[in-house]
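*Asks:* Would you be able to build a 3D model of this:
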Amino acid sequence: MQKINLSIVLFIILLATPNIKIGAQAPAGYGLVWADEFNDPLTTDGKPALRPDKGDWWYETGGGGWGNNELQYYVAGTTTFYNDTLAGINDGTLKIKAIKRKYYGMEYASVRMNTSNSWTYGYFEMRAKLPGGKGVWSAFWMLPKNFQSWPLDGEIDIMEYVGYDPNVVHASIHTQAYNHKIGTQKTSTKTIQNAENEFHVYGLEWTETRIRAYVDGELYFTFSNDGTGNKNTWPFNVPFYLKLNLAIGGDWGGAQGVDTQIFPATYEIDYVRVYQKNTALNNQKEEKSFESNFNRVSNLLQISFKDKCLHHLFVTDMQGRVLADFSTTNSMMEIDCSAWAKGIYLISVESGKQLNTQKFINY
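*Replies:* Modelled structure (predicted):
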């Protein structure tokens, strides 16, 4: 049986402190089903950890403008020739960087990351500090898993930010009927304070009937399903991936030119989380991949896994704070809950392609 050592217990206690991780803004009735908290330690040689080492993300690479006349070449985390780290994790955040360096014929190098998982409906959230300066264009957005054609297949922009327009964030959708190429895009903007110097929470709720975007829990964009069943107006009924990227220049990001003195530019992400309605979780038909039992006397949460494989486990409280996040191949393990407040918690375990969530009560 695996036991978490004292250092991990202390790490869990720190994560439980509200000042370390702020509460999520997920609507009532939603439970956490996936998260990347970017809490990895430095490597053994003292360098930032990299993604996609856990298999949760994959990189999209290449240049050519990406349909928007962008100026960067997207690399797989590091530059091949120069060994620049452009997607490193340290001090509890993922730092996506854009640098001014000629790379495969492009003027800049940066990163575009795509989740390995996809979801149909849910609440999607990121806490981030945005890069500033003329020419940068950061985004947290979604495209369909089976993407074939833009804009017919749809696009959901949870957050976009162009550096020449400080402190103004954008949320948009794109479809065949509604897109910026024909001047019919559906979008809203929100002015916030210190977008480039402080962390803010960017969230989006996507249901069968509407899409709504938030900043720090405040609703500022709504797009409703017209109910016609027409893909041209509502293609949002299939699985979508999440994306993070930092572009340079382009039709929008470079509309006022590029300030070459701002590099390296950094897009800093504290976490990315995905929630879905609890009813969907509770009604899963597949056999559970794990069993849990809370021992009140010893304050130990005991977990046993059905199959022998890699299990990714995380525990959250009902405010969305992640108290434990790690992977194991052991068949059993225990978590010391003595430092946790009394209340209801969610245990989520991803085993292969199966995700199960259970509740337990610390009483």
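*Asks:* Domains of this protein: list them as residue ranges, please.
*Replies:* Domain assignment for the chain by automatic domain parsing gives 2-21+284-362, 37-278.
*Asks:* Out of the ones you listed, which gets nearest to Gly29?
*Replies:* domain 37-278 (5.6 Å; Cβ to Cβ). Placement of C-beta: from N, CA and C, glycine included.
*Asks:* What is the neighbour count of the closest residue in space to Trp234 that isn't next to it in sequence?
*Replies:* Leaving aside its chain neighbours, Trp234 sits nearest to Asn225 (4.8 Å; criterion: Cβ to Cβ, 6 or more residues apart in numbering). Using other Cβ atoms under 10 Å, Asn225 has 15 neighbouring residues.
*Asks:* Pretty sure Asn225 sits against Trp206.
*Replies:* No: with contacts counted by Cβ atoms under 8 Å, Asn225 stays clear of Trp206, the gap being 10.4 Å.
*Asks:* for the residue nearest to Trp234, what are its contacts?
*Replies:* Glu208, Thr209, Arg210, Trp234, Phe236 (Cβ atoms under 8 Å, 6 or more residues apart in numbering).
*Asks:* And the last one, how close does it get to Phe223?
*Replies:* To Phe223, Phe236 is 9 Å away according to Cβ to Cβ, to the nearest Å.
*Asks:* what is in contact with those two at once?
*Replies:* Common neighbours of Phe236 and Phe223 (Cβ under 8 Å, 6+ apart) are Ile173, Ile211.
*Asks:* quick one: low-confidence ranges for the stretch 251-363 of the chain?
*Replies:* For the stretch 251-363 of the chain, the stretches with pLDDT under 70 are 279-287, 318-320, 352-353, 363.
*Asks:* quick one, helices of it?
*Replies:* Per DSSP state H, counting those that start in this stretch, the stretch 251-363 of the chain carries helices over the ranges 278-282.
*Asks:* Could I have the buried ones of the contacts of Asn225 as ChimeraX selection syntax?
*Replies:* Buried subset of those, written as a ChimeraX selection, criterion 16 or more other Cβ atoms under 10 Å:
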select :234,236
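*Asks:* Out of the contacts of Asn225, which is nearest to Asp45?
*Replies:* Phe236 (44.3 Å).
*Asks:* on that earlier part again, list residues touching both of Asn225 and Trp206?
*Replies:* Phe236.
*Asks:* Kindly provide the distance from Asp216 to Thr189.
*Replies:* Going from Asp216 to Thr189 by Cβ to Cβ gives 15 Å.
*Asks:* Please apply the same query to Trp252.
*Replies:* If you go by Cβ to Cβ, the gap between Trp252 and Thr189 works out to 13 Å.
*Asks:* again with Asp165
*Replies:* Distance from Asp165 to Thr189, by Cβ to Cβ: 9 Å.
*Asks:* Doesn't Lys134 belong to a strand?
*Replies:* No: with DSSP: H, G, I helix; E, B strand; the rest coil as the criterion, Lys134 is coil rather than part of a strand.
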